[in-house]
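Trainee: below: sequence and its predicted model.
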Amino acid sequence: MDTLALVVTIGVALGFTYTNGFHDSANAIATSVSTRALTPRAALAMAAVMNLAGAFLGQGVAKTVSEGLIETPTGSRGMTILFAGLVGAIVWNLITWYFGLPSSSSHALFGGLVGAALAGGTDVIWKGVLEKVVIPMFLSPIVGLIVGYLVMVAIMWIFRKSNPHKAKRGFRLAQTVSAAAMALGHGLQDAQKTMGVVVMALVIANLEDFSDPIPIWVKIVCALMLSLGTYAGGWRIMRTLGRKIIELDPPQGFAAETTGSAILYTTSYLFQAPVSTTHVITSAIMGVGATKRVNAVRWGVAKNIILGWFITMPAAGIVAAVSFWLVDVIFG
């Protein structure tokens, strides 16, 4: 196995993690910033630290990504497939970031891997894609919408006799905790996805086996790159989540973040399913906002976001397939 190909592929994987960080930083902090519970820089610093911590809390999602989605042939063809899949994910992340669209970095990665595998003639584990990617892709936003609505209804009922101004001040403080929990869940989910890809590269290079534990250096570099990307910030997407869907107040922000983080922890530990933090927090915001009144949510913006969710996997897959063919032609 060409060592240079391995180094380049791991470097591109870390580049994807960086784009994941600044693309998805809004998931963890947009609500806290929009309600002025945290300043933007303080929120980004907190999210970066919690992303770093979350990356070390498990490896079930990484195992799913590395073993459960595509077959990984050894040799240069397998490395080319992995490289092309990552290129597809990075390109789609940059496109959606430019337009301020909170699409899923996770599904960009999965779409890229599947598209590159199909272009390279490698088997796709369709059962794993269906159970671990497609079904959670549809279920997690529905759960986020419903649970976010119910959590907000419960908060409104519990604090129905409270002084509104005092309650908002209290929830503004509570949001520092809920935002931290959301950022921890983001690190738990998204850092592991890149860990899984790096493990795939090491297996292709015959340096690791799938049964081996994830090397500590893989955990560290993936966590660091995600944190650095998070601190770089994704202001375009933050405006979409924090303001364009609905104008949030502190109780609503707390409810959305609590809902999102609970779903991330549940799917990580109980199902080892790589769900999208973007889908979870966006749907939770919609559910929370609907308690005010249904038309308080800007459903036109929501429709564009949901459309982006559906096209993310095929779009990233097409870019990945084209990347594979280009690399295959250029380098043989």
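Mentor: It's in. Numbers count the residues shown, from 1 in each chain.
Trainee: going forward, measure contacts between C-alpha atoms and count neighbours the same way
Mentor: Will do.
Trainee: check which helices and strands the host helix or strand of Thr96 sits against.
Mentor: Secondary structure assignment for Thr96, by DSSP states H and E: helix 76-98. Counting contacts by 3 or more CA pairs under 8 Å, 6 or more residues apart in numbering; DSSP states H and E, helix 76-98 is packed against helix 3-34, helix 105-119, helix 192-204, helix 235-239, helix 299-331.
Trainee: Leu228 is nearest to which of those helices?
Mentor: helix 3-34 (6.7 Å; CA to CA).
Trainee: for Leu139, find the nearest of the helices and strands packed on helix 76-98.
Mentor: Proximity to Leu139 (CA to CA) singles out helix 299-331 among the helices and strands packed on helix 76-98, at 12.9 Å.
Trainee: how far out from the middle of the chain is the closest one?
Mentor: 16 Å (CA atoms, centre = their mean, to the nearest Å).
Trainee: pLDDT weak spots in the stretch 201-332 of the chain?
Mentor: Within the stretch 201-332 of the chain, the ranges that satisfy pLDDT under 70 run 233-246, 296-302, 332.
Trainee: I'd say Lys168 and Pro251 touch.
Mentor: Yes: using CA atoms under 8 Å, Lys168 is in contact with Pro251, at 6.4 Å.
Trainee: those two: which is more packed in?
Mentor: Pro251 (22 against 18; other CA atoms under 10 Å).
Trainee: quickly find the element holding the more buried one.
Mentor: Per DSSP H and E, Pro251 falls inside helix 250-266.
Trainee: please work out which residues outside that helix touch it.
Mentor: Under the contact criterion CA atoms under 8 Å, 6 or more residues apart in numbering, helix 250-266 has outside partners 28, 31-32, 35, 37, 140, 144, 147-148, 151-152, 155, 167-169, 171-172, 174-175, 178-179, 181-186, 188-189, 275, 277, 280-281, 284-285, 288-289.
Trainee: swap in stretch 174-183?
Mentor: Under the contact criterion CA under 8 Å, 6+ apart, stretch 174-183 has outside partners 27-29, 32, 37-38, 46-48, 50-51, 54, 250, 253-254, 257-258, 260-261.
Trainee: show me how to select, in PyMOL, the buried members of those residues.
Mentor: Filtering those down to the buried ones (16 or more other CA atoms under 10 Å) takes a single PyMOL command:
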select buried, resi 27+28+29+32+37+38+46+47+48+50+51+54+250+253+254+257+258+260+261
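Trainee: hmm, back to that, among the contacts of helix 250-266, which ones are buried?
Mentor: By 16+ other CA under 10 Å, the contacts of helix 250-266 give 28, 31-32, 35, 37, 140, 144, 147-148, 151-152, 168, 171-172, 174-175, 178-179, 181-186, 188-189, 275, 277, 280-281, 284-285, 288-289 as buried.
Trainee: just to revisit the earlier point, need the helices and strands packed on helix 76-98 in CSV with distance to Gly85, can you?
Mentor: Conversion of the helices and strands packed on helix 76-98 to CSV gives the following (distance: least, CA to CA, whole Å):
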stretch, distance to Gly85
helix 3-34, 10
helix 105-119, 4
helix 192-204, 10
helix 235-239, 23
helix 299-331, 5
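Trainee: check the ones you listed for me and report the most buried one.
Mentor: helix 105-119 (a mean of 28; mean count of other CA atoms under 10 Å).
Trainee: how distant is that helix from the center of its chain?
Mentor: Mean-position distance between helix 105-119 and its chain equals 14 Å (CA atoms, centre = their mean).
Trainee: which outside residues touch that helix?
Mentor: Contacts of helix 105-119 (CA under 8 Å, 6+ apart): 20, 23-24, 69-70, 81-82, 84-90, 92-93, 123-124, 133, 190, 193, 274-276, 312-321, 323-325.
Trainee: quick one: it to helix 192-204, angle?
Mentor: Following axes from the mean of the first three to the mean of the last three CA atoms, to 10 degrees, one obtains 30 degrees for the angle between helix 105-119 and helix 192-204.
Trainee: average pLDDT for helix 105-119?
Mentor: Averaged over helix 105-119, pLDDT sits at 94.
Trainee: that helix vs helix 299-331, what angle?
Mentor: Computed by the same axes, to 10 degrees, the angle separating helix 105-119 from helix 299-331 equals 40 degrees.
Trainee: please export the C-alpha coordinates of helix 105-119 as PDB.
Mentor: Listed next in PDB are the C-alpha coordinates belonging to helix 105-119 (Å, rounded to 0.1, in the frame of the first residue of the first chain):
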ATOM      1  CA  SER A 105     -22.500  16.600   7.200                       C
ATOM      2  CA  SER A 106     -23.200  13.100   8.300                       C
ATOM      3  CA  HIS A 107     -25.400  12.300   5.400                       C
ATOM      4  CA  ALA A 108     -23.000  14.000   3.000                       C
ATOM      5  CA  LEU A 109     -20.300  11.600   4.300                       C
ATOM      6  CA  PHE A 110     -22.600   8.500   3.900                       C
ATOM      7  CA  GLY A 111     -23.700   9.600   0.500                       C
ATOM      8  CA  GLY A 112     -20.100  10.200  -0.600                       C
ATOM      9  CA  LEU A 113     -19.100   6.700   0.600                       C
ATOM     10  CA  VAL A 114     -22.000   5.000  -1.100                       C
ATOM     11  CA  GLY A 115     -21.500   6.900  -4.300                       C
ATOM     12  CA  ALA A 116     -17.800   6.200  -4.400                       C
ATOM     13  CA  ALA A 117     -18.400   2.500  -3.600                       C
ATOM     14  CA  LEU A 118     -20.900   2.200  -6.400                       C
ATOM     15  CA  ALA A 119     -18.500   3.900  -8.900                       C
END
